[in-house]
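Enquirer: task: produce atomic coordinates for the following.
(one chain, ligands or ions: 1)
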Amino acid sequence: MLLLIPGPVQTRPEVRAAMAVDIAPWDRDFTPEYAGIREAVRGLAGGIAGRHACLPLQGAGHFITEAAIRTFVPAGAKLLLVMNGTYAERMARLAREAGRVVVPLVVPDDRSVTPAEVAAALEADPEIGHVGIIYSETGSGIVNDVPGVGAAVRALGRRMIVDAVSAFGALPFNLAEQPEVDAVVFTSNKCLEGLPGIGFAICPIDRVEACAGNAGSWSFDLSDVYATALRAGWGSFRFTPPVQALHAFGVALKIYQEEGGQPVRLARYRENARLLHEGIIALGLRPYLDWQHQGPIIVTVYQPRDEGFVLMDFVEALKRRGVMISNFYNTPAPTMRIGCIGDVHADDIRYALHAMGEALDELGIKRRNAA
Ligand SMILES: *Cc1c(COP(=O)(O)O)cnc(C)c1O
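Expert: Next up, the predicted model:
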């Protein structure tokens with residue numbers, strides 16, 4: 001099966017094969033492996049030894065995002081959230097349920113926020129200490145200008161939390177050049193092409209130390225993850241880890257480096273996105289975003305206007321042809337989501353477009369353009 005979904009992504013056979021072992025997480029053969037993964041991942045974020053720490057947490061991306069919010073935004077404090085898609089809404093819910101005050105900055109979901117919009121919102125409310133932003137909005141497919149917005153946040157003396165879950169590894173990010181960032185968060189899955197199971201936050205150490213006691217949760221306290229590393233070593237865990245997924249992630253990182261790292265992965269995904277965007281139009285369908293706003297992670301497409309079109313029937317027809325696309329959408333208008341990330345290459349996209357044409361014909365969908 002070819003997974004064209006924005007997570008969990010298609011992985012390489014070597015990565016999946018690495019799962020097939022039993023490992024004790026505290027085994028002296030494994031702890032250096034884990035410590036090495038933490039260092040490698042910190043390096044990918046532009047983090048510097050002694051200044052930045054890689055603080056992992058077991059579980060899904062939402063968990064590491066919640067941990068970053070709880071650790072760095074004090075209870076009752078204000079967090080400006082750039083709202084241009086469904087993952088921002090999710091971040092808002094995580095923050096509100098943790099007792100943080102969300103100030104929404106609503107932006108249409110078919111373009112990125114401008115640094116000026118963020119600056120104006122921050123100037124209007126001096127009580128806002130933090131900005132939360134989604135780097136790649138996996139709802140619509142847009143990319144927010146994280147370096148540009150970060151510069152505005154920095155100039156106004158505020159702090160930032162970046163959800164880079166669907167961006168990290170493909171879109172550039174450099175923590176050393178963005179000192180306003182308290183945490184950039186991402187997972188083992190998505191653009192680093194590992195298996196799901198663990199999230200990472202890369203954070204400035206002085207901020208982690210200054211924020212001890214904020215979290216109001218033991219499980220979600222990144223300063224406790226840091227304290228544990230100091231006490232028990234960087235190869236240690238607080239709770240049982242998805243140790244096989246970590247071991248496989250080490251293999252995925254090696255493949256990532258061998259492929260050429262971030263620029264090469266970005267180029268591959270961008271080519272996937274370009275082929276999809278073009279091919280979708282050639283099929284008579286209409287992409288949700290104009291090409292100028294289209295990010296390289298996911299292409300969202302309007303559902304055909306044909307009355308006979310049912311998303312789940314289309315998903316099943318594609319599945320019979322070996323292709324899996326997302327079974328839900330989260331834009332205001334009915335759309336379908338096709339991922340460009342994972343171990344997916346130009347020929348896979350060409351095949352998927354061919355399969356989509358066949359599936360539309362099989363289902364008798366004639367009115368395809370939603371415009
Ligand atoms: C996938 C994703 C997440 C996390 O999803 P989980 O299902 O919790 O792993 C968070 N933010 C963005 C932008 C994502 O694409």
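Enquirer: output stretch 18-29 as PDB, nothing but the C-alphas.
Expert: The C-alpha coordinates for stretch 18-29 follow below in PDB (Å, rounded to 0.1, in the frame of the first residue of the first chain):
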ATOM      1  CA  ALA A  18      14.500  -2.400  12.700                       C
ATOM      2  CA  MET A  19      11.300  -2.800  14.900                       C
ATOM      3  CA  ALA A  20      11.600  -6.500  15.000                       C
ATOM      4  CA  VAL A  21      13.900  -6.800  18.000                       C
ATOM      5  CA  ASP A  22      13.400  -6.900  21.800                       C
ATOM      6  CA  ILE A  23      15.400  -4.200  23.700                       C
ATOM      7  CA  ALA A  24      15.700  -3.200  27.300                       C
ATOM      8  CA  PRO A  25      15.700   0.600  27.300                       C
ATOM      9  CA  TRP A  26      18.200   0.800  30.100                       C
ATOM     10  CA  ASP A  27      20.600  -1.700  28.500                       C
ATOM     11  CA  ARG A  28      24.100  -0.200  28.300                       C
ATOM     12  CA  ASP A  29      24.100  -1.100  24.600                       C
END
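Enquirer: who's in contact with that stretch?
Expert: 30-31, 34, 195, 236-237, 240-241, 243-245, 247-248, 250-251 (Cβ atoms under 8 Å, 6 or more residues apart in numbering). Backbone N, C-alpha and C define where each C-beta goes, glycine included.
Enquirer: how about 6 Å then?
Expert: Stretch 18-29 has contacts (Cβ atoms under 6 Å, 6 or more residues apart in numbering) with 30, 237, 241, 243-244, 247-248, 251.
Enquirer: with stretch 93-109 instead?
Expert: Against stretch 93-109 from outside (Cβ under 6 Å, 6+ apart): 65-66, 69-70, 73, 75, 78-85, 92, 113, 121, 128, 140.
Enquirer: that one near the ligand at all?
Expert: No. Applying Cβ under 6 Å from any ligand atom, one finds stretch 93-109 separated from the ligand by no less than 9.8 Å.
Enquirer: and that stretch, how far out from the chain middle?
Expert: Its chain's C-alpha centre lies 18 Å from the corresponding centre of stretch 93-109 when counted by Cα atoms, centre = their mean, to the nearest Å.
Enquirer: how about the residues of the protein by the ligand?
Expert: Going by Cβ under 6 Å from any ligand atom, the residues of the chain near the ligand are 6-7, 60-62, 87, 134, 138, 163, 165-166, 187.
Enquirer: swap the cut-off to 8 Å and go again
Expert: 6-7, 59-63, 65, 87, 90-91, 134-138, 163-167, 187, 189-190, 196, 199, 297 (Cβ under 8 Å from any ligand atom).
Enquirer: out of the contacts of stretch 18-29, which is most surrounded?
Expert: residue 248 (25 neighbours; other Cβ atoms under 10 Å).
Enquirer: residues contacting residue 71?
Expert: So residue 71 contacts 211, 214-215, 222-223 (Cβ under 6 Å, 6+ apart).
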